[in-house]
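Visitor: what's the 3D shape of this:
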Amino acid sequence: MKVLSETGKWLQVAGLVASLTVGTIAAPAGQIAGVQETASAASKSVKSLSLSVSKASLSVGDTLTLKVTVNPESAKAKWSSSKKAVATVSAKGVVKAKKAGSTQITVKAGKKKAICKVTVKAASVPATSMEPAASALPSESPLPDNTPQVIDANEMLDKWTEGAAAKKELTSYMEAVTREGSADYIPKEDRIAVFDLDGTLFCETDPNYFDYTLLRYRVLDDPDYKDKASDFEKEVALKIDDQNKNGTSYAGLEVDHGRAVASAFKGMTLKEFNDYIQKFKEQDMPSYTGMKRGEGFYQPMLQIVNYLKANDFTVYIVSGTDRFIVRGIADGSPLDLPNRQIIGSDVSLVAPDQGDTEGLKYTYDDNDKLVLGGEFLIKNLKMNKVTVIMQEIGQKPVLSFGNSSGDASMAEFVTSVNPYKSLAFMLCCDDTERENGNIKKADEMKSMCQEFDWVPVSMKDDWKTIYGDGVERFDLSGSWQDEVSQRASMDVTKNSDGSYDIMVHWGASAWESAIWEIHGTYDAATGTLSYEDGRYYIHTTDDNGVETISGEETTKGSFVREGGKLRWKDSKNSEDGLFVKE
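Guide: The predicted structure is shown next:
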């Protein structure tokens, strides 16, 4: 886009589009200008940091204020320019162009950093026919609301493939609904988009929904709670465990899960619950390397959210996951949405001293606080999504994004008898290489899209990346080498039923080896493959090439994932093995 600088010149700026004022790019709601520095900020852990723009083109003498969003806001940020002769940057993010050339403006806080690439030209950028001449507006006056904004969709959606039909559908739609005078023009206050979370913006199953794995951990693994868990909570957690391992389907599990979440976290304040979620988010994502549980956002879909916001859309999350869990997932993430725009399933909130007194008969006082009340209220799926949209948003959205039959009612509500041009997009989980895809489900969704005139999104064909650089599927199959002894190797083969056959070869000498033959199933939720009936024996080859097997016995043990490695414990060994993939 182009904005008018403090010197009265037009500046070309690429990146996240924000509201405009003369000579600056104002941050969207929830962002801060510059940085706030406190004495204690350096000691706080920085969760996220981002800049309002990633590229800028200035003319000599121009200034540009970069806006930084940092979580927590009190974290101390430092600015620097790689070439101060080209452009300098102040402690508040004000960039001043000095001479023609290129430089990188970097802002750092803790271990996080963001970069804006700045190009400085000797002459100012001329106005185009789409923009008013620089002299037409006083340098101290804001741009009028109807000033056209140049938004580069190709740049904002550069993680989508060039021929992605869904991308073309959305950008064509955006051109129609944002151009004043168009028959399909939608006023800014009516530009509302609703998104499901799991499988639409965020990794759906690894090996199950985030909130399912959170409950399973709380009830079965959390050392501070597992001995306190109720029989009902354990029953639900074990069903989830069975579903993770064997794909078993249980009728009514979504509601039972909601009830178990409500009781398992009863009595926590909202901050305590969020802190628990933040800690859980730091666990490794079971089926991937280079990604934590809280980092499973689909990068191309985050671009869609930013693209919509750049075009003055208000974005809501309408999820079947517990509302406070969704807020916890979003906290400190690139999603950057306020809590008021996050809707999900609900549990009760009470005051600790309220007891069994109903809300109509209890008065909150200045010594009270809100805690989770332990009662499950509603599962926000299917028709319930339509109801809650009208209850909390109060009007019909014009865009819907989902991925399953649980989002069908929302999609139909948005696209049926809408006074404005509307669309529904549905993600199809057809990528089994980069994601935990499911071809059967993907084909079913593509058929539904054809039947209901929704726009299908192919994760396989439409996206250049899913989770970004450095993230890969964790795959047991293949050849491994023990990095401790350098004498053991392992070959792993995956069977059609999902189980694995493993052969470990420990070379004692050129003519004698210890062999383990192991069969087991990998539990992605815990990153563990355990076995009880491993076959161990000594394989010997004499000088004449005659092979013999001796010392055969049964062993038990486990392989436990540690990042991209596997730690091996076996009853026959006195020391662990640590295998890395060849």
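Visitor: okay, CA-based contacts and neighbour counts for the rest of this
Guide: Noted.
Visitor: which stretches in the stretch 151-300 of the chain count as helices?
Guide: 153-156, 165-178, 210-216, 231-246, 253-264, 270-281, 299-310 (DSSP state H, counting those that start in this stretch).
Visitor: most neighbours per residue, which of those helices?
Guide: helix 210-216 (a mean of 22; mean count of other Cα atoms under 10 Å).
Visitor: returning to that earlier point: tell me which of the helices of the stretch 151-300 of the chain sits nearest to residue 539.
Guide: Closest to residue 539 of these, according to Cα to Cα: helix 231-246, at 34.0 Å.
Visitor: between that closest one and helix 253-264, how many degrees?
Guide: Note on geometry: by axes from the mean of the first three to the mean of the last three Cα atoms, to 10 degrees, helix 231-246 and helix 253-264 are set 130 degrees apart in direction.
Visitor: surely residue 411 meets residue 424?
Guide: Yes. In this structure, residue 411 is within contact of residue 424 by Cα atoms under 8 Å, at 5.4 Å.
Visitor: which one's more surrounded, these two?
Guide: residue 411 (29 against 26; other Cα atoms under 10 Å).
Visitor: and residue 496, what helix or strand is that in?
Guide: Following DSSP states H and E, one finds residue 496 outside all helices and strands.
Visitor: next up, phi/psi of it, please.
Guide: Torsion angles at residue 496 (phi, psi; degrees, to the nearest 10) stand at phi -60, psi -20.
Visitor: of the helices of the stretch 151-300 of the chain, which approaches residue 443 most closely?
Guide: Of all those, helix 165-178 comes closest under Cα to Cα, at 16.4 Å.
Visitor: packing partners for that closest one?
Guide: strand 455-458 (3 or more Cα pairs under 8 Å, 6 or more residues apart in numbering; DSSP states H and E).
Visitor: try 10 Å
Guide: Helix 165-178 sits against helix 153-156, helix 299-310, strand 423-428, strand 455-458, with contacts defined as 3 or more Cα pairs under 10 Å, 6 or more residues apart in numbering; DSSP states H and E.
Visitor: look up how far residue 107 lies from the closest residue in space to residue 65 that isn't next to it in sequence.
Guide: Distance criterion Cα to Cα, 6 or more residues apart in numbering; nearest residue to residue 65, sequence neighbours excluded, is residue 94 at 4.3 Å. The spacing between residue 94 and residue 107, counted by Cα to Cα, to the nearest Å, is 12 Å.
Visitor: one more: residue 297?
Guide: Taking Cα to Cα, one finds residue 297 at 23 Å from residue 107.
Visitor: same question for residue 121.
Guide: For residue 121 relative to residue 107 (Cα to Cα), the value is 23 Å.
Visitor: do the same with residue 53
Guide: 12 Å.
Visitor: what of residue 305?
Guide: Distance, residue 305 to residue 107, by Cα to Cα: 24 Å.
Visitor: returning to what we had before: more neighbours, residue 121 and residue 107?
Guide: Taking other Cα under 10 Å, residue 121 and residue 107 do not tie; residue 107 has more neighbours (24 against 20).
Visitor: and the more buried one, what's its pLDDT?
Guide: According to the prediction, residue 107 has pLDDT 91.
Visitor: the residue lying closest to it once chain neighbours are set aside - how many residues pack around it?
Guide: Leaving out its chain neighbours, the residue that sits closest to residue 107 by Cα to Cα, 6+ apart is residue 79, at 4.5 Å. Counted by other Cα under 10 Å, the residues lying close to residue 79 total 22.
Visitor: show me the contacts for residue 79.
Guide: With contact taken as Cα atoms under 10 Å, 6 or more residues apart in numbering, residue 79 is in contact with 34-35, 88-95, 105-109, 113-115.
Visitor: now residue 520
Guide: Going by Cα under 10 Å, 6+ apart, the list of residues near residue 520 reads 494, 498-502, 528-534, 558-559.
Visitor: where does this protein dip in pLDDT?
Guide: The model of the chain has pLDDT under 70 over residues 1-44, 123-150.
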